[in-house]
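Chemist: quick one: sequence and predicted model below, then my questions.
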Amino acid sequence: MEAKLDRIRRAETLQYLSYHGSFLPEELRGDLDRCEAQMLRTARPRLVWRLFSLLPDGTLEGTDYCPGGEDIRAFLRDCDSVVLLAATLGAEADALIRRAGGRDMAEAVILDAAGSAAIETVCDNFCADLAAAFAPRFLTDRFSPGYGDMPLSDQFALFRVLDVSRRIGVSLSQSGLMIPQKSVTALIGVSDRPQEKRVRGCTDCAMFSNCPYRKEGKSCGSI
């Protein structure tokens, strides 16, 4: 399956901007049009994924990786398989935002929001393709390291299992944050019945008040 970025949803860009108004001034609409178009032209989306059987002890078959935390165990309790995913917009998207920051901070903020919306679209498109491939089985939502009580340090195991740095050029900082920043990792469960409790986003997360992603204005990819 290929990484596909066919659009940037305006509602998601506005969500990342924390814009709650019902009316968009013409000037803001023009800025959004321009920045979203720039991001679409500049981003070079890539992804890597693998499917694993889920063993009774929570380990992914053929690896030494056992996703940490009680939340992910409950999340995957009806699943017999797990997809590991890593996706990125590439260094080009980060560079676009960084260059804008040197000349126009307002433009940089909009580009950053558009980039966050764009990587979510890449992941959503992948999940739609995955759901079609696995039908009539069911997929869970995406669940990422750092969400709930799943430690952010799980990033290192996930990167090792997927060989993320070599495959798509994403690296990790010492604290477990991804470089380029417009990147996402996630676990997706596969089950014979639909997921009962949906992941609703940051406000439902136990890490909401001290999330390292939110402190840097980013998402862990689970919303």
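Modeler: Sure thing, it's come through.

Chemist: which residues does Glu92 contact?
Modeler: Thr42, Ala43, Arg44 (CB atoms under 8 Å, 6 or more residues apart in numbering). Where C-beta positions appear, they are placed from N, C-alpha and C, glycine not excepted.

Chemist: most distant residue from the centre of the protein?
Modeler: Glu26 (30.5 Å; CA atoms, centre = their mean).

Chemist: against Ala117, how distant is that residue?
Modeler: 21 Å (CB to CB, to the nearest Å).

Chemist: equivalent analysis for Tyr19, please.
Modeler: 12 Å.

Chemist: show me which of those two is the more surrounded one.
Modeler: Ranked by neighbour count (other CB atoms under 10 Å), Tyr19 and Ala117 place Ala117 first, with 24 against 13.

Chemist: for the closest residue in space to Pro145 that isn't next to it in sequence, grab the count of nearby residues.
Modeler: Among residues not flanking Pro145 along the chain, Asp154 sits closest, at 3.9 Å (CB to CB, 6 or more residues apart in numbering). By the criterion of other CB under 10 Å, Asp154 has 22 neighbours.

Chemist: how about Asp154, what does it touch?
Modeler: Applying CB under 8 Å, 6+ apart, the residues contacting Asp154 are Pro67, Gly68, Pro145, Gly146.

Chemist: for Ile97, state which of those is nearest.
Modeler: Ile97 lies nearest to Gly146 out of the contacts of Asp154, by CB to CB, at 21.3 Å.

Chemist: with Ala157 as the reference, measure out to the residue farthest from the centre of the chain.
Modeler: 48 Å.

Chemist: same question, Gly189
Modeler: 17 Å.

Chemist: with Gly102 instead?
Modeler: Distance from Gly102 to Ala157, by CB to CB: 36 Å.

Chemist: try Ser171
Modeler: 15 Å.

Chemist: please apply the same query to Ala132.
Modeler: To Ala157, Ala132 is 29 Å away according to CB to CB.

Chemist: where does the protein dip in pLDDT?
Modeler: For the chain, the stretches with pLDDT under 70 are 197-223.
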